[in-house]
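*Asks:* Mind folding the following:
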Amino acid sequence: MAEADESAYRTFYDAYFDRLSRYLLVVTGGDEDAGHEALQAALVRVVRHIKVFPNDAVFWSWLTVLARSALSDQTRKRRRYLAFLDRFTQHAHVEHAAQGDDQPDAKLLALLGRSVAGLPPDERALVERKYFVRQSVREIAAELQTSEKAIESRLVRIRRKIKDTMLASLKHE
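*Replies:* Just a heads-up that it's a prediction; the model follows:
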């Protein structure tokens with residue numbers, strides 16, 4: 001596998017896929033979706049960082065560390081995403097509860113809406129795909145035929161731009 005031999009990967013896959021899948025199912029407390037996501041991320045890490053190990057026990061320990069760290073990363077990413085969505089979508093609850101624009105949250109949400117609307121069409125489309133349509137970065141990257149890192153970087157820059165626009169508007173008030 002270290003020499004990019006596909007047959008070696010197939011042998012590894014046949015020997016460890018089910019075992020690693022069961023391990024992650026136990027670690028996730030039965031959450032199959034989280035287990036499968038972590039398994040895919042762990043397999044990518046295996047391919048990227050494979051090396052020679054002295055025996056099967058050491059190799060299995062390394063695999064479990066990769067799998068747990070992939071699961072931790074996915075869990076942390078999911079929490080951040082859900083927290084952002086919660087903040088981003090609170091406007092629906094605020095608009096329903098607020099009668100006028102004199103509410104501070106309603107003003108901020110209106111400012112957020114104007115900031116997003118003021119983005120160039122490609123950036124606005126990316127934000128809509130990610131946060132309104134709820135496409136994953138992987139899906140967006142596949143559709144745009146680019147890397148996931150490129151999409152994540154663009155989203156970081158867009159969020160920063162939205163933040164800067166909002167802060168500039170708030171300074172003028």
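
*Asks:* okay, now the domains of this structure?
*Replies:* Structural domains assigned to the chain are 6-75, 98-172, following automatic domain parsing.

*Asks:* so can I have CSV of these showing mean neighbour count and distance to residue 90?
*Replies:* Where C-beta positions appear, they are placed from N, C-alpha and C, glycine not excepted. Below are the domains of the chain laid out as CSV (neighbours: other Cβ atoms under 10 Å; distance: least, Cβ to Cβ, whole Å):
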stretch, mean neighbour count, distance to residue 90
domain 6-75, 15, 23
domain 98-172, 14, 7
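
*Asks:* Can you add mean pLDDT and give those domains back as TSV?
*Replies:* Listed next are these as TSV, based on pLDDT from 0 to 100:
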stretch	mean pLDDT
domain 6-75	89
domain 98-172	86
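
*Asks:* mind checking the SS state of the residue nearest to residue 63 when sequence neighbours are not counted?
*Replies:* Nearest non-adjacent residue to residue 63, counting by Cβ to Cβ, 6 or more residues apart in numbering: residue 20, 6.0 Å away. Under DSSP: H, G, I helix; E, B strand; the rest coil, the three-state class of residue 20 is helix.
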